[in-house]
Structure formats: C-alpha cells, structure tokens
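# Sequence plus the predicted model coming up.
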Amino acid sequence: MNKKVYKVFNEQVQAELYSAYMYLAMSLDMEAKNYKGMAKWLYLQYEEEREHALRFVKFMQDCGVQPQLLQIDMPVADYGTPLNLFKKVLEHEKYVTSRIYDMYEVALKEKDYAAKSCLKWFIDEQVEEEANASEIVEKLEMIGDNISGLFYLDGQLGARKD
C-alpha cells in the first residue's frame, strides 16, 4: 500500500467513525423525541458504520501498515423532524459514496489491486445504503403530517434486524 492509498484509507477510517458517531447522535435525538423505532434503526446504522471502520482498519493491517486514528468532529445533537433527519441521512450516504468512488479512483491510478478489491464491497454496500435512506425519505414525504402514518413507519423501522 503506497502513501496515496494509505492516506485515503486512513481518512476513510476517520469518516466511517464520524458516520457512526453521527448515527449515534441521530439515534439519541429520535429516542429523546419518543421515536423508538427510528432510534433503533439509527442505532443499528451506528453499529454498521463502526464495522465499516474496522473493516478498513483490518485491511490496512493485513497490508502491513499501521492505521492512524484521526480526530472525529462532534455531530449535531438535534436533527429536527424525522423527515429532516432522514434527508440528512440520505445526503450523508451520498457523500460517503462519493468518498468511496474517489478512493477507488486513487486505487486505480496507483494500480493497487488489493485496495480495488476491498473497495468493491463498499461500492456495493453504498448502493444499498442510499436505497434504504431514499426509501425512508420518500415514505416520510408521503406521510407528511399524518401522525398515525408517522408512528406506523416508526414501528416498521423498529422491526429492523441486526
């Protein structure tokens, strides 16, 4: 793993840990607003993002390099309505996708075939992440101000399995 590939992988560990931290903050916000199902869904996202960070760490270690932990910014504490929150989720997942694509471009340019192979999994994962977030945003937009619809969706999101 050369310096350019190391740099983008190391920065992605930081980005994944920030994502986890952000999802935990979102979960706490929805929990405080009594949207228990949304809080659970977001908590599971928190766990998933931690796993992503560790997948990058393990890959770097397997390549014989020492990951360096970088500072993680504090996320926002209040995300407003569930619709506003999930719009932020979708926006964030699109940002993560763009980061993964940029990493893939670096791996291509540097002819780091192992990094390309590692990133293939993340590219596929981001398709799923964006689709899930987009579906929730669309449902929240359809529900609008219908409180019973909102609580129904909250229950549906709470049924998400680990």
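Looks like it came in fine. Numbers count the residues shown, from 1 in each chain.

# Please name the residues that touch Asn125.
One correction, residue 125 is Glu, not Asn. Residues in contact with Glu125 (C-beta atoms under 8 Å, 6 or more residues apart in numbering) are His52. From N, CA and C alone the C-beta is placed, and that goes for glycine too.

# so after the helix or strand it falls within, what's the next helix or strand?
Assigned by DSSP states H and E, Glu125 belongs to helix 113-143. Using DSSP H and E, the next helix or strand after helix 113-143 towards the C-terminus is helix 147-158.

# quick one: buried residues of that next one?
Of all the residues in helix 147-158, those buried under the rule 16 or more other C-beta atoms under 10 Å are 150, 153-154, 157.

# List just the nearest of these to Lys33.
Asp154 (10.1 Å; C-beta to C-beta).

# Which neighbouring elements make contact with the strand or helix carrying Leu24?
Counting by DSSP H and E, the element that carries Leu24 is helix 3-32. On a contact count with 3 or more C-beta pairs under 8 Å, 6 or more residues apart in numbering; DSSP states H and E, helix 3-32 meets helix 36-62, helix 82-109.

# Let me know the pLDDT of the nearest residue to Gln68 once chain neighbours are set aside.
The shortest distance from Gln68 to any non-neighbouring residue, by C-beta to C-beta, 6 or more residues apart in numbering, is to Asn10 (5.6 Å). We have a pLDDT of 96 for Asn10.

# Asn10 touches Met60, doesn't it?
Yes. In this structure Asn10 lies within contact range of Met60 using C-beta atoms under 8 Å: 7.2 Å.

# Quickly list what's touching both of the two.
Shared contacts of Asn10 and Met60 (C-beta under 8 Å, 6+ apart): Pro67.
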